[in-house]
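[1] what shape does this take:
(2 chains)
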Amino acid sequence: MAQTTTSPSQIGPVSTDSSRRARLAEFWYYFSENRGAVIGLFFFLFLIIVAVFAPLLAPHAPTMQYRDAVLVPPFWEEGGRATYLLGTDAVGRDILSRLIYGTRYSLFIGVIVTTISLVGGILIGVIAGYFRGWVDTVIMRVMDIILAFPSLLLALVLVAVLGPGLTNAMIAIALVFQPHFVRLTRAAVISEKTRDYVVAAKVAGAGPLRLMFKTILPNCMAPLIVQATLSFSNAILDAAALGFLGQGAQPPTPEWGTMLAEAREFILRAWWVVTFPGLAILITVLAINLMGDGLRDALDPKLKRS
Amino acid sequence: MKKTIFAAALLAATALAGVANAKTLVYCSEGSPEGFDPALYTAGTTFDASSRPVFNRLVEFKPGTTEIEPGLAESWTISDDGLQYTFKLRPGVKFQTTDFFTPTRDMNADDVVFSFERQWKEDNAWHKYIPEGSYEYFAGMGLPELLANIEKVDDLTVKFTLKNKEAPFLANLGMDFGSIQSKEYADKLQADNKMVQLNQMPVGTGPFTFVAYQQDAAIRFKANDAYWKGREKIDDLVFAITPDAAVRLQKLKAGECQIFPYPNAADVPAIKSDDTLTTMEENGLNVAYLAYNTQQAPFDKVEVRKALNMAINKKAIVDAVFEGAAEVAKNPIPPSMWGYNKAIEDDKYDPEAAKKALEAAGVKDLSMKIWAMPVARPYMLNARRAAELMQADLDKIGVKAEIVSMEWAEYLAKSKDVKRDGAVILGWTGDNGDPDNFLHTLLGCDAVGGNNRAQWCNKEFNDLVLKAKTTVDQAERTKLYEEAQVVFKREAPWDTLDHSVVVMPMSKKVKGYIMSPLGHHSFSGVDVEE
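    Predicted coordinates for the structure are as follows:
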């Protein structure tokens, strides 16, 4: 008897620990175990700062063409100039400035695409998982059809129909990413729906909307957050790919993929025009993926070591 | 059983040995041909693979020039009224013997009449033997309206009768659509119900015999033993199809091919400094232009077009796109062509004056579209880059430009539309060395909605070029064309951008290659040193 009733004073700090602060502390504890994730997070924060303060940081305007300085190498190479730290491209635009402004586009693409596909995916997924039956069947078959296409190919087709441009590219990529969120949400909702707390809420008289979004959804968020970070980096990659194929951002937009496409022919002659946008894409995507890994470790209960 | 295997091995060994001894020239070509019947198509890539190695024409362009010389016609006479052309054919010319066709007779007048009538007469069984194909060049040169009759006088004499005088007629016959096909081969295919094969497995009288074609990979030819000019020095000619210019260069360096066209401008300095390679250069017979839609407001006003011409820095385009391997154009025909008007003054690059001129014309907040070609052509290696430069230049005078690009075939088709929105970057490489081929083909009233991308029909200009077309005396024609260029410059339907230098990198082992001002790639007379 005495063994089963534990005194409140003993477990107090742990069990009444529902305060937000402590949960955050726990999250950070698991997250910071993964060193790569922390580095990724800090690099991501750095990118956000660069994007926000681009006009202050960039030494030149991103579309300004210095006709007397075409294909100038980076400053440490012979013939380089200190005003163009990373050199200039084929029409004399400063590569560093273009990369800095490009950060804005890449982050913007990531945010918009993830938001659209996350919000859409959650709505559709919750409906499918909560109502089941024919609604579920119809929704999931449509998602299966979208999944059956290679994602980049489908995005290309959509852009071809909508017309090339950054906005249309983002819409296309968001649509292509949709099914992943829908499936994740639906699976989580189905498994949560039969839990006792949901039944309790139902008995207490909660309506379907409240059940769906207030009771069930918050308990399905962990996998969605992880998927969102991974989509974020995928969105940047896909937008760069579309830009590279000439279907994404249109000139003179300093989008990284587009910069890469324009510089392809210089791969032997002027390495800096190709290398820096490529590196920017690589490092950004790597950082966000690392961060996503860390989030998964921290949020997935199955991976918690306690 | 064992014996046959041994025999097969022996055969393979001798075949291999034969290959090792054979002189082979590998040409890294830039794309797959559309087909092998040159009359059906208009692309140089197709002609390089069909009409130039496999076929001959009645008259041919002398290698390295735009002058015509006798081809399958040994000689010709023109009647005094300039309407009748009588060709005396070369006797004893053999068609190629291949695995799929063995000719039983020499080339004669029937073949010549067949080659032209199939393109001309709509009731000819061969007029539409490919459902989606048409004889675009033949029609584009105005021959259906021009020809009155083609007649076989005897086995080796053919007479062409025209409805009116046409000065460039002989040169037109030297163009690729004038390739002479074998009627015997065509008849055989028709009897076997395999007509499409004419476009897949060509038989001609030319220096090389077609052997095999794998789409997007390679085309194989071998020397025609019975060629009427004498057998070629090389035994095998292979086109290794390589669309990427950087890859073509790598293949040349690795010895996988010996010669290739259209290098990246950025790679040219490195190619020139490479000791194992030679480069040939020639001023191309071409022009690149930005054609305004002169039927679209506000580009229907001369002042607006002139202002935009002044705003665009053409020197910067030549520097950034060609790395200097081109010259700024002021006339719609290249300077190496007769009839070029040296006296014309180009619109000076002057953004300030342009801004004022635009204001004076009452145009404010102008926004326009610039169409940029998706592919590299000899006259414009990177249209998107040129368009970006224009965009920045126009921005300085307050004109917002949006760059539009689409797939190449669609680009060509859509840019012909009279209602097209925006100015289009395009160019032209001469077909026959006659100014008519530029001024009438690209700017005449007949070509509105077609090759006349500016949709520009100016009576004064059109009358001049039409008059020149029917005048035979070259001095008089020169005068007319010079006058036409003055009208052109005054009216400014185009911004003339550049005339490029065509560069052809090759291995030091390749001897005897002659560059064609018409942009042909012909390997007749080429030798490879061991």
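[2] name the nearest residue to residue 180, sequence neighbours excluded.
    With no chain named, the answer covers chain A. residue A:227 (6.1 Å; C-beta to C-beta, 6 or more residues apart in numbering or on different chains). C-betas here are computed from N, CA, C, even on glycine.
[3] oops, wrong one, chain B.
    residue B:115 (4.9 Å).
[4] which pLDDT value belongs to the one you found?
    Predicted confidence (pLDDT) for residue B:115: 95.
[5] give me every residue that touches it.
    Taking C-beta atoms under 8 Å, 6 or more residues apart in numbering or on different chains, we find residue B:115 in contact with B:39, B:178-181.
[6] let's see 10 Å
    B:39, B:55, B:57-58, B:72, B:126, B:150, B:177-183, B:186 (C-beta atoms under 10 Å, 6 or more residues apart in numbering or on different chains).
[7] tell me which element it is part of?
    helix B:109-120 (DSSP states H and E).
[8] from the rest of the structure, what touches whichever helix or strand comes after that helix?
    Sequence order places helix B:136-140 as the next helix or strand after helix B:109-120, per DSSP H and E. With contact meaning C-beta under 10 Å, 6+ apart, helix B:136-140 is reached by B:38-42, B:47, B:116, B:118-120, B:143-145, B:147, B:172, B:175-178, B:431, B:441, B:446-447, B:450-451.
[9] please name every helix or strand in contact with the helix or strand following helix B:136-140.
    The element immediately downstream of helix B:136-140 (helix or strand, assigned by DSSP H and E) is helix B:143-146. Packing partners of helix B:143-146 (3 or more C-beta pairs under 10 Å, 6 or more residues apart in numbering or on different chains; DSSP states H and E): helix B:109-120, helix B:136-140, strand B:157-162, helix B:169-173.
[10] out of these, which gets the lowest mean score?
    Looking at those, the bottom one is helix B:136-140 with a mean of 84.
[11] near chain B, which residues of chain A?
    Within chain A, the residues that sit near chain B (C-beta under 10 Å from any C-beta of the partner chain) are A:63-65, A:67-68, A:70-71, A:89-93, A:160, A:163-165, A:246-247, A:250-252, A:261-270, A:273.
[12] if we use 8 Å, what do you get?
    Chain A comes close to chain B at residues A:63, A:65, A:67, A:70, A:90-92, A:164, A:246, A:250-252, A:262, A:264-270, as judged by C-beta under 8 Å from any C-beta of the partner chain.
[13] which residues in the stretch 151-300 of chain A form helices?
    Ranges of helices in the stretch 151-300 of chain A, per DSSP state H, counting those that start in this stretch, are A:151-162, A:166-193, A:196-203, A:208-210, A:221-244, A:256-263, A:271-299.
[14] about what we covered before: the residues of chain A next to chain B, buried ones only, as a PyMOL selection?
    For the buried members of the residues of chain A next to chain B, the matching PyMOL selection, counting by 16 or more other C-beta atoms under 10 Å in any protein chain shown, is:
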select buried, chain A and resi 63+65+70+90+91+92+164+246+250+251+252+262+265+266+269+270
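[15] mind listing what the spatially most central residue of chain A touches?
    Using C-alpha atoms, centre = their mean, the residue of chain A that lies closest to the mean C-alpha position is residue A:232, 1.2 Å off. Under the criterion of C-beta under 8 Å, 6+ apart, the neighbours of residue A:232 are A:110-111, A:113-114, A:288, A:292.
[16] at 6 Å what do you get?
    Residues in contact with residue A:232 (C-beta atoms under 6 Å, 6 or more residues apart in numbering or on different chains) are A:110, A:114, A:288.
[17] okay, and the first one sits in which element?
    Per DSSP H and E: residue A:110 is located in helix A:95-131.
[18] mind listing what's buried in that helix?
    Buried-residue list, helix A:95-131, by 16+ other C-beta under 10 Å: A:95-110, A:112-114, A:116-118, A:120-122, A:124-130.
[19] again, but for stretch A:75-92
    A:80, A:84, A:86-92.
[20] next one: that stretch to chain centre, how far?
    When C-alpha coordinates are averaged (C-alpha atoms, centre = their mean, to the nearest Å), stretch A:75-92 and its chain have centres 32 Å apart.
[21] sorry, back to before: name the nearest residue to the residue nearest to the centre of chain A, sequence neighbours excluded.
    Here the residue nearest residue A:232, using C-beta to C-beta, 6+ apart, is residue A:110, at 4.3 Å.
[22] ok, back up a step: can you give me the angle the helix holding residue B:115 makes with strand B:157-162?
    Between helix B:109-120 and strand B:157-162, the angle comes out at 30 degrees (axes from the mean of the first three to the mean of the last three C-alpha atoms, to 10 degrees).
[23] now helix B:109-120, how far from the chain's geometric center?
    Worked out by C-alpha atoms, centre = their mean, helix B:109-120 lies 22 Å from the chain centre.
[24] CA atoms only for that helix, dumped as CSV, please.
    Only the C-alpha atoms of helix B:109-120 are listed here, as CSV (Å, rounded to 0.1, in the frame of the first residue of the first chain):
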residue,chain,number,x,y,z
ALA,B,109,16.9,13.2,-116.2
ASP,B,110,14.1,11.1,-114.6
ASP,B,111,15.8,11.4,-111.3
VAL,B,112,16.1,15.2,-111.6
VAL,B,113,12.5,15.6,-112.6
PHE,B,114,11.4,13.3,-109.8
SER,B,115,13.4,15.1,-107.2
PHE,B,116,11.7,18.4,-107.9
GLU,B,117,8.2,17.3,-109.0
ARG,B,118,7.6,15.5,-105.7
GLN,B,119,8.1,18.8,-103.9
TRP,B,120,6.2,20.8,-106.4
